[in-house]
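please find the sequence and the predicted model below.
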Amino acid sequence: WLVWQAVERRRRARCYLLDYACHKPSDDRKVTTEHAGAIIERNKRLGLPEYRFLLKVIVNSGIGEHTYSPRNVLNGREECPTQQDALDEMDDFFDDAVAEVFAKTGVAPRDVDLVVLNVGSFAPEPSLATRVVRRFGMRDDVMAYNLSGMGCSAGLVSVDLARNVMLTRPRTMALVLTSESCAPNWYTGTDKSMMLGNCLFRSGGTAALLTNDPAFRSRAKMELRCLVRAHIGAQDDAHAAAVHREDADGRLGVSLSKALPKAAVRAFTENLQRLAPRILPAGELSRFAARLLLRKLLRRKSAGKAAEGPKINFKTGVDHFCLHPGGTAVIEAVRKSLGLNSYDVEPARMTLHRWGNTSASSLWYVLAYMEAKRRLKAGDRVLMVTFGSGFKCNSCYWEVTKDLTDAGAWEDCIADYPPETMVNPYMEKFGWVNDLSSQGQGGAFPFF
Ligand SMILES: CC(C)(COP(=O)(O)OP(=O)(O)OC[C@H]1O[C@@H](n2cnc3c(N)ncnc32)[C@H](O)[C@@H]1OP(=O)(O)O)[C@@H](O)C(=O)NCCC(=O)NCCSC(=O)CC(=O)O
């Protein structure tokens, strides 16, 4: 009986990624240079300093010409979003990605035992998780959880929650939904730390099916090996790094502090300290420990002269790095701290270019890029790393169970990536704002 119990527990602890689908909004929701110019021009509070700031940030943001915005923003109603605008953006996501993941896997909505949804800054009642249950006609014993306010790293919080529920229930099918609501959250003021979000955040979302049912093992794409969460929200600057708040004039938006990339690296270090012993080979861990010891001895001899510490080589245990594309500075900070090369961070950079920062769903687009590029082979190990307000760093480590070839949401454009140049046309089109004198601000500079 004890052996049977142990086997059952091991079975329940399995977590397979059956499949996932990334939302691709319709082409009429693309934010072209013209759209961006028109949105900026509409905001009569902006003056020359804000134009120059926006130009600099957009040019260096790493974002291209094909990201998506909600309809109310494109149609000129960003100042007065309605509840329906926000629901419409979510429904577009559900109707596309959720329907697609069911179609791809052959799983029916009534087979779903558990729904976990995370959308950071839109929490209507009834909840969005309930909206999915209703929209797809799920069973009345389905367990539905709705997470909000958890920022860009909530995607892996949802995976963790699904995994923990599955630990208590055999043969569970979990639908994990990850997105962010842009429609009610366009910032219309002039605080630069809040204007930044308008340049980075775009519409997107992912639906994934996870299960611990061994019957699906042969059809699964990846198996979860471990998941680690780090939360440094007790530190003041880390807590203030990404905050949904009102500016001095009472306009709501997400403020991103200049210290955010540093907070991300700190949370990342915290996370890696617990992750490394679980995923790296003993040889690499002992090499690192020996180098650390040697450094301590040498430092004692040279009376504490500061030198760069030894670095652990994550490539000894990881084949693919699936990093949250939070922004160019965030990707670069992580690249440096892990000692990665441009091939390793290409999926994150290309995702930022094609889709923008779609918040918690971003990392699934990064994974989809790897798959579309046919990088993921059976037995490969994938490390997912996400950052988000709190400040949190969550990571998980997957093993690919078969060669993956699905181009998914990248299907119509993967051949164009990486593009020959990442230069976007904003400087060419709006570079003239840098030549203007600072007289006459406040909507006096038509963009067209
Ligand atoms: C915004 C950038 C693309 C700009 O790149 P640049 O190469 O131009 O670099 P830069 O640092 O010189 O910045 C250009 C100008 O913007 C200003 N600037 C930069 N960051 C700022 C901020 N947070 N608030 C206010 N101003 C800021 C700089 O002072 C400078 O102004 P001046 O020229 O006057 O000196 C980059 O800094 C970047 O990627 N930053 C990180 C973005 C970020 O926080 N992403 C996380 C999203 S949140 C997320 O994903 C998780 C979550 O929220 O949950």
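Happy to help now that I have it. Numbering: from 1, shown residues only.

which residues touch T67?
Each residue near T67 by C-beta atoms under 8 Å, 6 or more residues apart in numbering is listed here: 30-31, 202-203, 354-356. Any C-beta I mention is one placed from the backbone N, CA and C, and that applies to glycine too.

ok, those vs R374, which is closest?
Using C-beta to C-beta, R354 is the member of the contacts of T67 that lies nearest R374, at 17.4 Å.

from the ligand, how far off is the residue nearest in space to the middle of the chain?
The centroid of the chain falls nearest to S362 when counting by C-alpha atoms, centre = their mean (3.2 Å). To the ligand, S362 is 8 Å away according to C-beta to the nearest ligand atom, to the nearest Å.

cool, V73 as well?
Relative to the ligand, and taking C-beta to the nearest ligand atom, V73 is found at 18 Å.

which of the contacts of T67 lies closest to V115?
Nearest to V115 among those: S203, at 20.9 Å, using C-beta to C-beta.

which residues touch that closest one?
When contacts are counted by C-beta under 8 Å, 6+ apart, S203 touches 23, 25, 29, 67-70, 89, 92-93, 182, 358.

turn those residues into CSV, including distance to G151 and pLDDT.
CSV is the format used below for the contacts of S203 (distance: C-beta to C-beta, whole Å; pLDDT from 0 to 100):
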residue, distance to G151, pLDDT
H23, 19, 98
P25, 21, 97
R29, 23, 96
T67, 19, 95
Y68, 20, 96
S69, 20, 95
P70, 19, 96
E89, 18, 97
D92, 22, 97
F93, 18, 98
C182, 14, 95
T358, 13, 96
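
near the ligand too, which of those residues?
With C-beta under 6 Å from any ligand atom as the criterion, the contacts of S203 include none near the ligand.

and the residues you listed as a markdown table, adding secondary structure?
What follows is those, written out as a markdown table (DSSP: H, G, I helix; E, B strand; the rest coil):
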| residue | secondary structure |
| --- | --- |
| H23 | coil |
| P25 | coil |
| R29 | helix |
| T67 | coil |
| Y68 | strand |
| S69 | coil |
| P70 | coil |
| E89 | helix |
| D92 | helix |
| F93 | helix |
| C182 | coil |
| T358 | coil |
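
distance check, the residue nearest to the centre of the chain against K402.
25 Å (C-beta to C-beta, to the nearest Å).

next one: G47
Going from G47 to K402 by C-beta to C-beta gives 56 Å.

same check, this time on R12
For R12 relative to K402 (C-beta to C-beta), the value is 23 Å.

and these two? which has more neighbours close in?
It is R12, of R12 and K402, that has more neighbours when counted by other C-beta atoms under 10 Å, with 18 against 14.

and of the contacts of S203, the nearest to the ligand?
Nearest to the ligand among the contacts of S203 is T358, at 9.6 Å by C-beta to the nearest ligand atom.

what residues does the stretch 101-250 of the chain put near the ligand?
151-152, 192-193, 196, 200, 242.

let me fix that, I meant to ask about the stretch 301-448 of the chain.
Residues of the stretch 301-448 of the chain lying near the ligand by C-beta under 6 Å from any ligand atom: 326-330, 357, 387-389.

go again with 8 Å.
324, 326-332, 357, 359-360, 362, 387-390, 392 (C-beta under 8 Å from any ligand atom).

please enumerate the strands of the stretch 1-150 of the chain.
Along the stretch 1-150 of the chain, counting by DSSP state E, counting those that start in this stretch, strands occupy 16-22, 114-119, 143-147.

list of residues touching the longest one?
What that stands for is strand 16-22. Here strand 16-22 makes contact (C-beta under 8 Å, 6+ apart) with 96-98, 100-101, 104-105, 107, 204-213, 216-217, 219-224, 361, 364-365, 367-368, 398, 401, 408-409.

just the buried members of these?
Neighbour counting by 16 or more other C-beta atoms under 10 Å classes 96-98, 100-101, 104-105, 107, 204-213, 216, 220-222, 224, 361, 364-365, 367-368, 398, 401, 408-409 among the contacts of strand 16-22 as buried.

pLDDT at the closest residue to K258 other than its chain neighbours, what is it?
With C-beta to C-beta, 6 or more residues apart in numbering as the criterion, K258 has its nearest non-adjacent residue at 7.4 Å, and that residue is S193. S193 carries a pLDDT value of 94.

A strand includes S193, no?
No. S193 is assigned helix when assessed by three-state DSSP, not a strand.

got the contact list for it?
Taking C-beta under 8 Å, 6+ apart, one finds 255-258 in contact with S193.

how close does T401 get to A13?
Taking C-beta to C-beta as the measure, T401 falls 16 Å from A13.

same thing with L352?
Going from L352 to A13 by C-beta to C-beta gives 34 Å.

which residues in the stretch 201-350 of the chain form strands?
Here the stretch 201-350 of the chain has its strands, by DSSP E, counting those that start in this stretch, at 205-211, 222-231, 242-246, 252-256, 320-323.

and the strand or helix carrying the residue nearest to the centre of the chain, what does it pack against?
Counting by DSSP states H and E, the element that carries S362 is helix 362-372. Using 3 or more C-beta pairs under 8 Å, 6 or more residues apart in numbering; DSSP states H and E, the elements in contact with helix 362-372 are strand 16-22, helix 154-167, strand 205-211, strand 320-323, helix 342-355, strand 381-388.

list the buried residues of the second one.
Neighbour counts over helix 154-167 (16+ other C-beta under 10 Å) mark 154-163, 165-166 as buried.

of all pairs in those, which one is the farthest apart?
Farthest apart among the buried residues of helix 154-167 - using C-beta to C-beta - are A154 and M166, which lie 18.3 Å from each other.

quick check: bridge partners of W398?
Using DSSP bridges, the beta-bridge partners of W398 come out as L224, V382.

pLDDT score for it?
Predicted confidence (pLDDT) for W398: 97.

thought V433 was touching G47?
No. In terms of C-beta atoms under 8 Å, V433 does not count as a neighbour of G47; the distance is 10.6 Å.

just to revisit the earlier point, in CSV, list the strands of the stretch 201-350 of the chain along with mean pLDDT and distance to M143.
Converted to CSV, those look like this (pLDDT from 0 to 100; distance: least, C-beta to C-beta, whole Å):
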stretch, mean pLDDT, distance to M143
strand 205-211, 98, 13
strand 222-231, 96, 19
strand 242-246, 94, 28
strand 252-256, 93, 30
strand 320-323, 97, 27
